[in-house]
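*Asks:* Below are the sequence and a predicted model; questions follow.
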Amino acid sequence: MEKEKAIVRLMIEIYCRDLHHERGQEALCAECRELLEYAHQRLDKCPFGNEKPKCSGCTVHCYQPGMRGRIKSVMSYAGPRMAFRHPVMTLMHQLKK
């Protein structure tokens, strides 16, 4: 589950850095920090535990509708960019699933 948390953190960081930051700003903005905390809480409560499927193939929708929309935006934006910025982690994540 820690790897899932690390992946979601990287995706939110990519999204926030590219779309919410001015050049040189390092920390997540308040909106993205809130989303990261929420995502980590949801992962901690995942009924599948370490057998968790990809979110897109999951039968349980554990995010509230508003947060689900936000994380979908992050994943849509950052997912393709993960392969270039974090290729090993992306490959390991794809092979695991």
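*Replies:* Sure thing, it's come through.

*Asks:* tell me which element residue 34 is part of?
*Replies:* Using DSSP states H and E, residue 34 falls within helix 30-44.

*Asks:* Show me the contact partners of that helix.
*Replies:* 1, 4-5, 8-9, 12-13, 15-16, 20, 27-28, 52, 62-63, 67, 70-71, 74 (CB atoms under 8 Å, 6 or more residues apart in numbering). To be clear about C-beta, it is placed using only N, CA and C from the backbone, and glycine gets the same treatment.

*Asks:* mean confidence for the next helix or strand after it?
*Replies:* Downstream of helix 30-44, the first helix or strand assigned by DSSP H and E is helix 65-85. Helix 65-85 shows a mean pLDDT of 89.

*Asks:* now stretch 12-28
*Replies:* 80.

*Asks:* If we go by neighbour counts, what in it is buried?
*Replies:* Neighbour counts over stretch 12-28 (16 or more other CB atoms under 10 Å) mark 12, 13, 14, 15, 16, 17, 28 as buried.
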